[in-house]
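Asks: Following is a predicted model, sequence given first.
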2 protein chains.
Amino acid sequence: MRIAVLGTGMVGQAVAARLDQLGHDVTLGTREPDETRTRTATDRMGNPGVGTWLEQHPSIGLATFAAAAGAAELVVNATNGSASLEVLDQAGADNLAGKVLVDIANPLDFSQGFPPTLFVKDTDSLGEQIQRAFPDTRVVKTLNTMNASLMAHPETLAGGDHSVFVSGNDEVAKKTVAELLTSIGHTDVIDLGDLSTARGTEMLLPVWVRLMNKLGTPSFNFKIVR
Amino acid sequence: MRIAVLGTGMVGQAVAARLDQLGHDVTLGTREPDETRTRTATDRMGNPGVGTWLEQHPSIGLATFAAAAGAAELVVNATNGSASLEVLDQAGADNLAGKVLVDIANPLDFSQGFPPTLFVKDTDSLGEQIQRAFPDTRVVKTLNTMNASLMAHPETLAGGDHSVFVSGNDEVAKKTVAELLTSIGHTDVIDLGDLSTARGTEMLLPVWVRLMNKLGTPSFNFKIVR
C-alpha cells in the first residue's frame, strides 16, 4: 500500500520503518523537506536526527505534507496532538478526501509542565475534532495508548500479549486498519465502536504517563484481561 | 480490623462480604438503618435487596454513616461518586480523622445518559476533592477501575492475573491498603504515587464503560504488561 506518515518524530520514524519493512511504499510527510534532511544532530535521547535516519532508510521517501498525502492510499497522523489540525490543513482536505487516516496523536498539553493535561477530553476527542474538520476522510483512532517502539514492534513485550484499541465511524476503514495492525504483530485488536470511543482511549494517557513515571520505562502496555 | 463500608449498593455489599469472610469486623454504613432493613425487594438484575442481603450476612453490622465510621479503624467509601462528599459529611470529619479512607468511588455523571461523563477530571479528581474536604483523613484511591465482583474476588478472572492501582499521600496508609488488597487476592498492586495520580485511574472509567458495552460483560480488567 502507498502510505504517507505525517510527522518525522519518534512515532513517525518507528511506524514508517515498520511499514517499510512490511513492504509498503512509505513516504514521510514534513513541513519543509529540504530543511528536514539537514537535521542530522543526535538528540538528547541518543537517537539520530531525522536527516541521518532518512539516509539509513533509503527506501522511505520524504515529501511535503500535501505531496505525501496526495500520493498515498492511507495516511498516518503521527504528529504532536497540538499540531495535528494545522498539519492536516497543510496536507489539504482534497488530498485526504476518501482516504483512511490513522490517527495516532494524543491531545497532550505540556504547557504547565509534568504531568501533562489533555486539551480536549470526556465530551470530545482529538480524533473527533479531526473527523469534523475533514468530513470526507475516514478517521480511525488507534495505537495512541502505547509508546512508539511498541506500536511498531509489539512482539518485543510479552510476545505481543497486550491490547490495542480501534475507534472509527467507517467499518471498512476500521477493518483495513485492524488488518494492518495484525500484520505489524498486534495480537489483540479491540474495536471499541464509533469515533466517540476515542475519548476513552485518549483519556488513558494520564494514567499511562504516571505509570511511565512509576515503572521508569515506557515499555509497558495495557492488556484487557477477559 | 474494624471496618466501616459506607454504601449499601453492589460495591458495598461485595466488598463488605469479602472483608467479613476474611475475618474482619465489618459494619455497613447507611443513611437510615431502619429504612435500609426494609429494602427486601429483588432488583432488576436479580440481586436481593440489601435488607434480605443483611439477613443472609448476620455477622455484618448496620449503622448510620456516623456510627459506623466512628467505631471503625478503616473506612471504605463505596458510595456513588456524586453522593460521596455529602455521605462523608454525614459520617463526620471527627469520626474520619486519622483514619484510612479507602475511596472506591468514581465521579461518573449519568445526567446526560449513556455514556456517562466525569464531573471532575484531568486537573483534579474525586479522591483529591475528598482529601481536601477531610484533611485529617488518609485517603487512598483504589479498586475503582474494575467491577464490584472483581474487587472482591479477583481470582475469578484469569486466576487474578490483572492489575489494581493505589494512589495516596500517606505511605503508611497505602501500605495498609496494599496489604488488604493482597489478602483479598489481588496479585499486582501498583502504587502510582500521590493522590493526584487518582486523576489517571478515574479517567480510566470512560474506556472501561465502552469496553463493557463492547465486550457485553463487566468481567474484565486492565493488566499492565511490563
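Replies: Perfect, thanks for sending it. This structure is a prediction, so every number in the text was calculated from the model and none was measured.
Asks: tell me the contacts of the most centrally placed residue in chain A?
Replies: To find the centre residue of chain A, average its C-alpha atoms and take the closest one (CA atoms, centre = their mean): that gives residue A:104, at 2.8 Å. With contacts defined as CB atoms under 8 Å, 6 or more residues apart in numbering or on different chains, the neighbours of residue A:104 are A:11, A:15, A:76, A:77, A:78, A:142, A:143, A:144, A:151. For every residue, glycine as well, the C-beta is placed using N, CA and C.
Asks: run the last query once more with 7 Å
Replies: Taking CB atoms under 7 Å, 6 or more residues apart in numbering or on different chains as the definition of contact, the neighbours of residue A:104 are A:11, A:76, A:77, A:78, A:142, A:143, A:144.
Asks: Format those residues as a markdown table; extra columns: neighbour count and secondary structure.
Replies: Supplementary listing: the contacts of residue A:104 in a markdown table, determined by neighbours: other CB atoms under 10 Å in any protein chain shown; DSSP: H, G, I helix; E, B strand; the rest coil:
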| residue | neighbour count | secondary structure |
| --- | --- | --- |
| A:11 | 25 | helix |
| A:76 | 30 | strand |
| A:77 | 31 | strand |
| A:78 | 29 | coil |
| A:142 | 28 | strand |
| A:143 | 28 | coil |
| A:144 | 26 | coil |
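Asks: Tell me the one among these nearest to residue A:118.
Replies: Lowest distance from residue A:118 to these (CB to CB) belongs to residue A:144, with 11.7 Å.
Asks: Next one, pLDDT for the closest one please.
Replies: The confidence metric pLDDT takes the value 98 at residue A:144.
Asks: Next one: the residue nearest to the centre of chain A from residue A:6, what distance?
Replies: Look at residue A:104 and residue A:6: by CB to CB, to the nearest Å, they are 10 Å apart.
Asks: which residues do these two both contact?
Replies: Shared contacts of residue A:104 and residue A:6, defined by CB under 7 Å, 6+ apart, comprise A:76, A:77, A:78.
Asks: For the second one, which residues are in contact?
Replies: Contacts of residue A:77 were listed using CB under 7 Å, 6+ apart, and they are A:6, A:84, A:88, A:101, A:102, A:103, A:104, A:105.
Asks: now with 8 Å?
Replies: Going by CB under 8 Å, 6+ apart, residue A:77 touches A:6, A:7, A:84, A:87, A:88, A:101, A:102, A:103, A:104, A:105, A:130.
Asks: Surely the fifth one is within a strand?
Replies: Spelled out, it's residue A:88. No - the assignment for residue A:88 is helix, going by DSSP: H, G, I helix; E, B strand; the rest coil, so no strand is present there.
Asks: Check the contact between it and residue A:130; I expect there is one.
Replies: Yes - the pair residue A:88 and residue A:130 passes the contact test of CB atoms under 8 Å, sitting 6.4 Å apart.
Asks: Neighbour count for those two, which is higher?
Replies: Comparing residue A:88 with residue A:130 by neighbour count (other CB atoms under 10 Å in any protein chain shown), the higher total belongs to residue A:88, at 26 against 23.
Asks: Look up how far residue B:113 lies from that one.
Replies: Between residue A:88 and residue B:113 the computed distance is 32 Å (CB to CB).
Asks: joint contacts of residue A:88 and residue A:130?
Replies: Residues touching both residue A:88 and residue A:130 by CB under 8 Å, 6+ apart: A:77, A:101.
Asks: Return the residues of chain A in contact with chain B.
Replies: Taking CB under 8 Å from any CB of the partner chain as the contact definition, chain A meets chain B at A:115, A:117-118, A:121-123, A:157-158, A:161-162, A:165, A:190-193, A:196-197, A:199-201, A:203-204, A:206-211, A:213-215, A:217, A:219-226.
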